[in-house]
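Visitor: Quick check, what structure comes out for this input:
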Amino acid sequence: MELQELKMNGDFPAGAVSPSQEHEDILPNDVPDAETKPVQLVDEQGKTSFGMSVFNLSNAIMGSGILGLAYAMSHTGIIFFLVLLICIALLSSYSIHLLLTCSSVAGLRAYELLGQRAFGPVGKILVAIVICLHNIGAMSSYLFIIKSELPLVIGTFLRMNPEGYWYLKGNFLVIIVSVVIILPLTLMRQLGYLGYTSGLSLSCMLFFLISVIYKKFQIGCAIVFSGTVVQNEDSLEIPIQIFNYTCEAQMFTVGSQMSYTIPIMAFAFVCHPEVLPIYTELCRPTQRRMQAVANVSIGAMFFMYALTATFGYLTFYNSVGAEMLHMYSQNDLLILCVRLAVLLAVTLTVPVVLFPIRWALQQLLFPRKSFSWLRHVLIALILLVLVNVLVICVPTIRDIFAVIGSTSAPSLIFILPSIFYLRIVRSDTEPPFSWPKIQALCFGILGVFFMAFSLGFMFTNWAVGHSHKSGP
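Guide: Reported below is the predicted structural model:
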C-alpha cells in the first residue's frame with residue numbers, strides 16, 4: 001500500500017527510550033529540561049482514531065490471498081488448516097510486537113530505517129529489496145485476477161465465448177487495463193495513505209465472503225464449473241456439473257501440495273511494511289495501543305479467512321481450485337457481481353501497491369536526486385511491464401502465492417523483525433540470554449526453517465512435474 005511521506009529522524013536519537021521506559025504518550029507532552037530533549041519520532045502527533053487505524057491495517061492485511069485459502073484447506077484438512085491459521089496469526093502478532101519494540105527503542109518508524117539502524121546501508125538495501133519483491137508479488141496476484149476473471153465477465157455480458165476472440169483473451173485484457181486505467185493512476189505524484197481503496201476493498205471482500213457462504217447452501221454437493229464454452233453468440237452452454245458423491249470433508253491430511261499451503265496462508269497475513277506508517281498516524285501513539293490495533297485487525301482477518309476457507313472448501317471439497325471464483329458458474333448473477341466487485345477492488349489497489357516500490361527504488365538508486373517527472377514515469381512504466389510479463393508467463397495464481405509466500409513473507413514476518421530486535425535492543429536493556437532475546441532468536445530460526453521447507457517442497461514438486469496438477 002502507499003506509504004504516506006513521513007518526516008522521520010534518520011539517525012538514532014540521543015534520548016531514545018527502552019520498551020520498559022515507554023509511557024502513555026510516545027511523544028512526550030512534558031516540558032523538557034534544558035539539557036534533555038524528548039524523543040521526537042515525527043513532526044506532529046497522529047490524528048487517526050483507534051477504529052480507523054484498525055480499518056486501515058485490516059485493509060493492509062486483506063488481499064488476494066483470500067481467494068486461495070479454500071485450496072490450501074483442501075490439502076491440509078479443516079482442523080489442521082485452522083490450527084495452522086491460528087499459529088500464523090499469533091506469530092504475525094508477535095512479529096509486530098518485535099517490530100514496534102525496535103521502533104520505540106530506535107525512535108524510527110520506517111522499515112528501511114530500522115534495517116539501516118541494525119545493519120547500516122546493507123540493512124536498508126536488504127529491507128527495501130524484500131519489500132519490493134513482496135509488493136511486486138502482490139501486484140502480480142492482483143493482475144492475475146484481472147487476467148483470469150475479466151474475460152469471463154465481459155464474455156457473459158456480451159454472450160460470447162472468450163476463448164473464441166483474441167480481444168477477449170486474458171493476456172490482452174490485462175495489458176489494456178494496465179495501460180488505460182492503472183498506468184494513469186500510478187503517474188500521480190502523491191496518493192493518500194490507503195486512499196479511496198480501503199473501504200472499497202474491504203466491502204468487496206466482505207461481499208465475497210457472504211456470497212461464498214450463501215453459495216455453499218445453494219449448491220450443496222454439486223461442483224459447478226464455469227460455463228465458459230458457448231455454442232454461439234446468442235446462447236451460453238449450461239454449466240457442466242460433477243457431483244461429489246461422498247461429500248466428505250477431510251479433517252486432517254498431509255501431502256506434497258502442503259508446500260503451497262503454508263506460503264499461501266503466510267502471504268495472507270503480511271502487513272508489516274504498513275504497520276509503522278499506521279503507527280505514525282495513530283492518535284496517542286503508544287506501543288501498547290498500536291499492538292492492540294494489530295491484534296484486533298489480525299483477529300478480524302483470521303475469522304474472515306477461516307469462514308471463507310471453510311465454506312469454500314465445503315462447497316467444492318477436494319476439487320476446489322487455487323482461484324476459487326473459477327469454480328462457480330459463469331452464468332450465476334450473484335457470482336458475476338462478486339467478480340465485478342473483486343475486479344474493481346484489485347484494479348484500484350494495484351497503483352497503491354506500486355507507490356512504495358517506486359519510493360524504495362528512488363531511495364536506493366537516486367537518494368539525493370530531486371523529483372523528476374521523467375524518472376517518476378519511467379519507474380512506473382518499467383514496473384508495470386515487468387509485472388505484466390510475469391503475469392502472462394505464470395500459469396496459475398497458486399505459483400505466485402507460493403513463491404512470494406515462501407520468500408518475502410517469512411522474511412517480513414519472521415526473520416527481519418527477530419534480527420532487528422537482537423541488534424537494536426541493547427544488552428544493557430535485555431541481556432543476550434534473556435528470555436525475550438531467546439524467543440526472538442527462535443522466532444528467526446523458525447522463519448529460516450519455514451522458508452527452506454516451503455522452497456524445498458515447492459521446487460521438488462516442480463521438478464517431478466506436479467506443479468500444474470491442480471488449480472484453475
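
Visitor: State the pLDDT value of residue 299.
Guide: Looking at residue 299, its pLDDT reads 92.

Visitor: For the nearest residue to residue 289 once chain neighbours are set aside, which residues are in contact?
Guide: Of all residues not flanking residue 289 in the chain, residue 282 sits nearest, at 6.5 Å (Cβ to Cβ, 6 or more residues apart in numbering). Placement of C-beta: from N, CA and C, glycine included. Taking Cβ atoms under 8 Å, 6 or more residues apart in numbering, we find residue 282 in contact with 46, 48, 50, 53, 289-290, 293.

Visitor: what do you get for residue 168?
Guide: Neighbours of residue 168 in contact, by Cβ under 8 Å, 6+ apart: 151, 154-155, 160, 162.

Visitor: Not counting its neighbours along the chain, what's nearest it?
Guide: Nearest to residue 168 is residue 162, by Cβ to Cβ, 6+ apart, at 4.1 Å.

Visitor: Mind listing what's buried along stretch 276-295?
Guide: Using 16 or more other Cβ atoms under 10 Å as the test for burial, stretch 276-295 gives 276-282, 285-287, 289-291, 293-295.

Visitor: By residue count, tell me the biggest helix in the chain.
Guide: Secondary structure of the chain per DSSP state H: the longest helix is helix 121-158.

Visitor: circling back: same list, the contacts of residue 282, but as CSV with secondary structure and distance to residue 82 please.
Guide: Formatted as CSV, the contacts of residue 282 follow (DSSP: H, G, I helix; E, B strand; the rest coil; distance: Cβ to Cβ, whole Å):
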residue, secondary structure, distance to residue 82
46, coil, 35
48, strand, 32
50, helix, 28
53, helix, 27
289, helix, 29
290, helix, 27
293, helix, 24
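
Visitor: tell me the two of the contacts of residue 168 that are most distant?
Guide: For these, the maximum inter-member distance is 9.8 Å, found between 151 and 160 (Cβ to Cβ).

Visitor: Who has more neighbours out of those two?
Guide: A direct count of neighbours by other Cβ atoms under 10 Å for residue 151 and residue 160 places residue 151 higher, at 25 against 18.

Visitor: Low-confidence regions, the stretch 101-250 of the chain specifically.
Guide: 189-199, 220-246 (pLDDT under 70).

Visitor: Now with 80, please.
Guide: 109-110, 159-167, 188-202, 220-250 (pLDDT under 80).

Visitor: quick one: the helices in it?
Guide: 111-119, 121-158, 170-177, 183-186, 197-219 (DSSP state H, counting those that start in this stretch).

Visitor: Out of those helices, which gets nearest to residue 446?
Guide: The nearest among the helices of the stretch 101-250 of the chain, by Cβ to Cβ, is helix 121-158 at 17.3 Å.

Visitor: buried residues in that closest one?
Guide: Within helix 121-158, the residues that count as buried by 16+ other Cβ under 10 Å are 123-153, 155-156.

Visitor: One more: stretch 160-177?
Guide: Neighbour counts over stretch 160-177 (16+ other Cβ under 10 Å) mark 160-162, 168, 170, 172-175, 177 as buried.

Visitor: thinking again about what came up before, in a markdown table: the helices of the stretch 101-250 of the chain, plus distance to residue 328.
Guide: As requested, these are exported to a markdown table (distance: least, Cβ to Cβ, whole Å):
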| stretch | distance to residue 328 |
| --- | --- |
| helix 111-119 | 38 |
| helix 121-158 | 10 |
| helix 170-177 | 17 |
| helix 183-186 | 29 |
| helix 197-219 | 7 |
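
Visitor: Number of residues surrounding residue 441?
Guide: Neighbour tally, residue 441, other Cβ under 10 Å: 16.

Visitor: Pretty sure residue 82 is one of the things residue 252 touches, is it not?
Guide: No - with contact defined as Cβ atoms under 8 Å, residue 252 does not count as touching residue 82 (10.5 Å).
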